[in-house]
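> take this sequence and fold it.
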Amino acid sequence: MVAEPGADTVADSLAQAPDLTLLGSSDRGTSWRVNRTEGVPVSRAWVETDEGDVTVLDMGRSAGRGDVTAAGTLVVAAAEDAAWTATLDGVALERVEDPLGRVAFAVPADGRVAVAFDDTSHRLWWWLGAAALAWAALGAIPLRTRTFKEVRV
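Here you go, the predicted model:
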C-alpha cells in the first residue's frame with residue numbers, strides 16, 4: 001500500500017494496522033507491506049480449512065493452481081465476479097458467500113484445485129479493436145496516384 005505525500009492522516013491510520021509493515025517514505029509517498037500474522041505468505045488465492053489451516057495457491061495474472069490436503073473454502077482476493085471459475089480435479093466448484101465480498105468457492109475434499117479468470121468478452125473486444133487499428137493503419141498508407149494522359153482525336 002502507498003499513501004501519497006502529505007496524506008498524514010492516512011499514513012497515521014495505516015501505521016496503526018497490525019497487518020502492515022512500514023517499508024519507507026520518499027517524495028513519492030509512504031509504502032507498507034501486507035503481512036500475515038500466522039506466517040503464511042501473502043497470496044492472491046488460498047484455501048482455508050475448517051480447522052484454520054491455510055494453503056496458498058500459486059497464482060499468475062489470471063489463473064492459479066495448487067494441491068489441497070483437506071476440505072475448506074477457496075478464497076480469491078478479488079471482488080466478486082462471475083468470470084472467476086474454480087475446479088477440483090477437473091470438477092467445477094460451487095460458489096459460496098463471502099462476508100467481505102471476495103470470490104469464494106466451497107472445496108469439498110482434497111485434490112488439485114485450479115482457479116481462473118476468463119473474460120472472453122474483453123478479449124473479443126481487444127482483438128476487434130486491434131483489427132480496426134490495423135485496418136486504419138493499412139488505410140493510411142499513401143498510394144501512388146495515376147496520371148492520365150489526355151488523348152486528342
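
> which outside residues touch stretch 72-84?
Contact with stretch 72-84 is made by 43-50, 53, 55, 57, 86, 93, 96, 98, 101-107, 113, 115-119, as judged by CB atoms under 8 Å, 6 or more residues apart in numbering. C-beta: built from backbone N, CA, C; applies to glycine.

> pretty sure Thr9 is in a helix, no?
Yes: Thr9 forms part of a helix when assessed by DSSP: H, G, I helix; E, B strand; the rest coil.

> pull up the per-residue confidence for it.
In this model, Thr9 is scored at 82, pLDDT.

> how far away from the center of its chain is stretch 102-110?
Distance of stretch 102-110 from its chain centroid, counting by CA atoms, centre = their mean, to the nearest Å, is 18 Å.

> buried residues of it, list them for me.
103-105, 107, 110 (16 or more other CB atoms under 10 Å).

> most widely separated two among the residues you listed?
The two members of these with the most space between them (CB to CB) are Val103 and Asp110, at 20.8 Å.

> packing partners of the worst-scoring helix or strand of the chain on mean pLDDT?
The least trusted helix or strand in the chain, going by mean pLDDT, DSSP states H and E, turns out to be strand 2-3, with a mean of 74. Counting contacts by 3 or more CB pairs under 8 Å, 6 or more residues apart in numbering; DSSP states H and E, strand 2-3 packs against helix 8-15, strand 29-34.

> hmm, 6 Å instead?
strand 29-34 (3 or more CB pairs under 6 Å, 6 or more residues apart in numbering; DSSP states H and E).

> can you spell out which helices and strands pack onto the strand it packs on?
strand 2-3, strand 20-26.
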